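Peer 1: pasting a predicted model and its sequence here:
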Amino acid sequence: MIQGGDFTEGNGRGGESIYGGYFEDENFILKHDRSFLLSMANRGKHTNGSQFFITTKTAPHLDGVHVVFGLVISGFEVIKRIEGLKTDGASRPYADVRVMDCGQLITKSANDGRDHTA
């Protein structure tokens with residue numbers, strides 16, 4: 001698992017949503033049944049902020065606890081390189097890893113024709 005998104009403290013304990021504070025869990029329909037899933041990291045029920053993680057293998061123990069909200073569709077080699085970084089005793093990489101210029105993907109749903117932000 002690769003976790004990030006703490007832009008306030010930088011130590012895995014901070015972060016907040018764009019709405020301010022936390023937001024509720026949406027649903028637990030999607031399962032952690034493969035690699036390259038995007039999920040919300042949280043501190044318990046309805047405590048979603050800005051932190052997220054990417055699965056690097058199946059993780060059924062996370063089902064019903066963390067909301068899956070997306071799937072990585074490209075850049076798999078980058079995730080594998082991050083996963084391979086040397087880490088300290090707290091599983092933090094010795095080198096900084098930053099998401100830069102990631103942009104925003106706008107998709108059109110085949111079901112309803114409306115634009116959806118992914």
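Peer 2: All right, it came through fine. Note that this is a predicted model, so its numbers are computed, not measured.
Peer 1: in the chain, which spans are strands?
Peer 2: Shown for the chain, the strands assigned by DSSP state E span residues 2-4, 37-40, 52-54, 68-71, 106-108, 115-117.
Peer 1: who's in contact with the fourth one?
Peer 2: Read it as strand 68-71. The contact list for strand 68-71 (Cβ atoms under 8 Å, 6 or more residues apart in numbering) reads 26, 30-32, 36-40, 118. The C-beta positions use only the backbone N, C-alpha and C, and glycine is treated the same way.
Peer 1: helices of this protein, start to end?
Peer 2: 76-83 (DSSP state H).
Peer 1: so where's it shaky on pLDDT?
Peer 2: 103-118 (pLDDT under 70).
Peer 1: give me that answer again for 80
Peer 2: 10-12, 100-118 (pLDDT under 80).
Peer 1: ok so, going back, turn the strands of the chain into TSV, including mean neighbour count and distance to Glu83.
Peer 2: Output for the strands of the chain, formatted as TSV (neighbours: other Cβ atoms under 10 Å; distance: least, Cβ to Cβ, whole Å):
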stretch	mean neighbour count	distance to Glu83
strand 2-4	16	6
strand 37-40	21	14
strand 52-54	20	9
strand 68-71	16	17
strand 106-108	9	26
strand 115-117	9	27
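Peer 1: redo these as TSV? Include distance to Met100.
Peer 2: Formatted as TSV, the strands of the chain follow (distance: least, Cβ to Cβ, whole Å):
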stretch	distance to Met100
strand 2-4	12
strand 37-40	17
strand 52-54	16
strand 68-71	19
strand 106-108	20
strand 115-117	19
